[in-house]
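**Student:** Fold the following, please.
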Amino acid sequence: MTDTRTHPLVRAYLSSVDQRAGALPKARREELLADLSEHIEASLADADHSDDAAVSRVLDQLGDPGAIADAALAEEPSLPAGPRPESRTRTRVTLALVVLAFPLTAVPVIGILGLAAAVAGLWRIWKSPQWMRPEKVRATVLMLAPLITVPALSLIFILASNGLTAAELITALLLSWCAPAAAAIGLSRTASHLRETTTATSN
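**Tutor:** Next comes the predicted model:
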């Protein structure tokens, strides 16, 4: 009989649950993954294991990996209160939105994409369980800083040279982009440290 855990969709699903439930003790995490694997195996008993549609339906019925991990974490009374790591992929997407939002906003025509990226990035930061409130506030301030720094730097250049050249505008944009970049670096370091600490503790 084919082991459903070798199916790419199942493997990715279980890996996502494993990463998001990283704060659980290793034995409890393995038990959770074993239970999920058994449920998936039973649900696909009469189906073709190579049928991606059938596998997707079973995984959809199970629910979001993050919700499953959160439920398991909530049932573990011994876990200390505090931040919990997210998957590397989810963290990278959030950081990409933080870094790219301002440059996209500054580009004519597609600037609306930058605004959407900024809103999505801020939403993901504040919904994330791996950053504490002070870090979220600091990241938000740095992401929004260009709204002040670009006009301020442009005004300085105008007063200094009685005008604003294209080179000076580009300089102002680049200098202002340093703030969102600093936000992404800070969030990345915290996420990496939390992931390493959680992995060491759970093992």
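**Student:** What is the neighbour count of Q19?
**Tutor:** Close neighbours of Q19, defined as other Cβ atoms under 10 Å, add up to 21. (Glycine included, C-beta is placed from N, CA and C.)
**Student:** lowest average confidence, helix or strand, in this protein?
**Tutor:** Between all helices and strands in the chain, the lowest mean by mean pLDDT, DSSP states H and E belongs to helix 65-74, at a mean of 83.
**Student:** List the contacts of the helix or strand just after that one.
**Tutor:** Helices and strands here follow DSSP states H and E; after helix 65-74, the next one along the chain is helix 88-105. Contacts of helix 88-105 from elsewhere in the structure, counted by Cβ atoms under 8 Å, 6 or more residues apart in numbering, are 19, 110-111, 113-115, 117-118, 120-121, 124-125, 128, 130, 139, 143, 146, 176-177, 180-181, 183-184, 187-188, 191, 195.
**Student:** Mind checking which of those land in helices?
**Tutor:** Here DSSP state H is the test, and the contacts of helix 88-105 give 19, 111, 113-115, 117-118, 120-121, 124-125, 139, 143, 146, 176-177, 180-181, 183-184, 187-188, 191, 195 as lying in helices.
**Student:** From those residues, list the buried ones, please.
**Tutor:** Buried members of these, counted by 16 or more other Cβ atoms under 10 Å: 19, 114, 117-118, 121, 124-125, 139, 143, 146, 176-177, 180, 183-184, 187-188, 191, 195.
**Student:** so what are the domain limits for this protein?
**Tutor:** When the chain is parsed with automatic domain parsing, its domains come out as 4-74, 88-202.
**Student:** worst average pLDDT in the ones you listed?
**Tutor:** Among those, domain 4-74 carries the lowest mean pLDDT, at a mean of 82.
**Student:** I'd say A145 and A181 touch.
**Tutor:** No - counting by Cβ atoms under 8 Å, A181 is not a contact partner of A145; they are 10.8 Å apart.
**Student:** Need the residues touching each of those two.
**Tutor:** Listed contacts common to A145 and A181 are nil; contacts here mean Cβ under 8 Å, 6+ apart.
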